[in-house]
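# Pasting the sequence and the predicted model now:
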Amino acid sequence: MLTKILLSALATVTLYAAEVNVYSHRHYPSDEQLFKRFTAKTGIKINLIKAGSDELISRLEKEGKNSPADVLITVDAARLHIAKEKGLLSPLKSAVLEANIPPHLRDKEGYWYALTKRARVFVYNKETFNPAKLSTYEALATHEFKGKILVQSSNNVYNQSLLASLIVHDGETEASKWARGIVANMARKPSGKDIDQIRAVAAGVGDVAIINTYYLGQLVSSKRPSDQAAGEMVAVYFPNQKTTGTHINVSGAGIVKYSKHRPEAQQFIEFLSSPEAQEVFAEVNFEYPVNPKVKASKLLRSWGTFKEDDTELYKLGEHNAQAVKIFDKSGWN
C-alpha cells in the first residue's frame, strides 16, 4: 500500500513539473498550433493566460514571488525591455537560442529573445499613387504629404517604437519635428488599427499608411471578399533603404524571474526559435522569421527583400518614455 501511495505521489509531482505557465499578449492561431505541437513532442503542458502587455507586466509586479508565470511573451521590444528593467525577467544563457536568433534580435544580457519580426512599412494605392514619391520615414513629414498620411494613435506601441528608433538615428530634436510633421500631414485623426489604415488607403481616404506587414497578410488572406479586395488594391514600400533600413519590431519571450519550471520554460522558448516553429509563424501569421535558416512566407517574399534597421532593439525600450513625451507635445492623439 505504501509503495502505491509513493508511486502515486511521484506521478503527481512529475505531472505538475511537466508544465509551463505562459503569460502572452499574442492572440494568433499560429501560437495555438505551436503550443499543441510542443506538448505533443515533449509531454509538457502549456497553461496560457492572455492579456495586453501592460496588463501582464502589471500583474507580474503585483504577484511578485507568488507568480505562477514561467514565460512572458509580448509583442513589442520596448515592452520586453520594460519587463527587464522592472526586474520581472531572469537572464537565460542558451546555445540553441544564440544559434537561432541574431544578436540584435535579443537582449544583450539574455533576458529576452525575439520570436518573430514585423516590418513597419508604407502601403499605398497602386492605382492612384506614384511610389516614386516615397523614400524615408522622415520624408513623410514634409509638406509634399499634406493631408495624405494615415496612421494609428500614438498610444500604439509600434508607433512609439518607430519614434524611438528615429530618436536613436536622428536625435530628439529631429524626432520631435517628425512627429509634428506627421500630425500636420494626417488625412484624418488617428482611428482604428493598422488593418483599418489599409482599408482607408483602398477607400481613398488617404494616400499612404504606416503599418506592420503582417496586417496586410491577414487582410489578403481574409475570408471577407471586401478585405481581400482592399488588400489587392495596395502595395508595400520599404522605407529608408538607402539610409538606416526599414524599422522592425518583434514579438519575444523571456523567462519570468520566479519561474517554478525553468528547464521546461527554456525548452519551450528554444522550440519557438526552431525552424519548425518559425515556419508556422511565417506561414500562418505572415510574420518574418527571426531564425535566418527559415524563409519568409511566399506572400511576404512577393513584396520583395529589404534592408532592415539593425538597431539593437533594447534601445527602443530605453527611449520609449522619451517617445511618449514627444507624441504628447506634438498633438498626435
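Happy to help now that I have it.

# separation between Met186 and Val151?
For Met186, the distance to Val151 (Cβ to Cβ, to the nearest Å) stands at 7 Å. All C-beta spots, glycine's among them, are computed from the backbone N, C-alpha and C.

# OK, contacts around the nearest residue to Met186 once chain neighbours are set aside?
Distance criterion Cβ to Cβ, 6 or more residues apart in numbering; nearest residue to Met186, sequence neighbours excluded, is Ile149 at 5.2 Å. Contact partners of Ile149, counting by Cβ atoms under 8 Å, 6 or more residues apart in numbering, are 140, 182, 185-187, 206-210.

# Filter those residues down to just the ones in helices.
The helices, defined by DSSP state H, take in 182, 185 from the contacts of Ile149.

# how many neighbours does Ser94 have?
Using other Cβ atoms under 10 Å, Ser94 has 18 neighbouring residues.

# again, but for Gln152
Around Gln152 there are 21 residues (other Cβ under 10 Å).

# One more: Glu55?
12.

# before we move on, what SS does it have?
Reduced to three states with DSSP: H, G, I helix; E, B strand; the rest coil, the structure at Glu55 is helix.

# Tell me how far it lies from Ile211.
Noted for Glu55: a distance of 24 Å to Ile211, by Cβ to Cβ.

# Tyr158: what's it in contact with?
Tyr158 neighbours (Cβ under 8 Å, 6+ apart): 76, 118, 120, 152, 194, 212, 249.

# Over to Ala114?
Contact analysis of Ala114 by Cβ under 8 Å, 6+ apart lists 77, 101, 105-106, 250-252, 290, 313.

# How far does the helix or strand harbouring Asn249 sit from its chain's centre?
In this assignment (DSSP states H and E), Asn249 forms part of strand 248-256. Here the centre of strand 248-256 is set off from its chain's centre by 8 Å, with Cα atoms, centre = their mean, to the nearest Å.

# Taking their axis directions, the helix or strand following that strand and strand 248-256 sit at what angle?
Using DSSP H and E, the helix or strand that follows strand 248-256 in sequence is helix 262-272. Following axes from the mean of the first three to the mean of the last three Cα atoms, to 10 degrees, one obtains 160 degrees for the angle between helix 262-272 and strand 248-256.

# Just name the shakiest helix or strand of this protein by mean pLDDT.
Every helix and strand of the chain was ranked by mean pLDDT, DSSP states H and E. The lowest is helix 2-17, at a mean of 41.

# on that earlier part again, and Met186 and Val151? Which one has more around it.
A side-by-side neighbour count of Met186 and Val151, using other Cβ under 10 Å, places Val151 first with 26 against 18.

# how near is the more buried one to Ile46?
Taking Cβ to Cβ, one finds Val151 at 35 Å from Ile46.

# Which pLDDT does the model give the closest residue to Asn159 other than its chain neighbours?
Distances taken as Cβ to Cβ, 6+ apart put Gln152 closest to Asn159, at 5.9 Å, once the chain neighbours are dropped. For Gln152, the model assigns a pLDDT of 97.

# what sits against Gln152?
By Cβ under 8 Å, 6+ apart, the contact list for Gln152 reads 158-159, 190, 192-194, 197, 210.

# can you give me the angle the longest strand along the chain makes with strand 248-256?
Longest strand in the chain, counting residues (DSSP state E): strand 113-125. If you take the same axes, to 10 degrees, strand 113-125 sits at 160 degrees to strand 248-256.

# Can you name the element that comes right after strand 113-125?
strand 149-150.

# Wait, Ile326 touches Glu172, no?
Yes - using Cβ atoms under 8 Å, Ile326 is in contact with Glu172, at 7.3 Å.

# So for those two, which residue has more residues nearby?
Neighbour tally, Ile326 and Glu172, criterion other Cβ under 10 Å: the higher count belongs to Ile326, 24 against 14.

# now the more buried one: how far from Tyr314?
19 Å.

# where does this protein have low pLDDT?
Residues of the chain meeting the criterion pLDDT under 70: 1-17.

# Distance check, Lys293 against Thr173.
41 Å.

# which of the contacts of Ile149 sit farthest apart?
Ile182 and Asp207 (13.6 Å; Cβ to Cβ).

# what about the residue nearest to Val201 when sequence neighbours are not counted, neighbour count?
Using Cβ to Cβ, 6+ apart and skipping the chain neighbours, the partner closest in space to Val201 is Ala209 (4.9 Å). Using other Cβ under 10 Å, the number of residues around Ala209 comes to 29.
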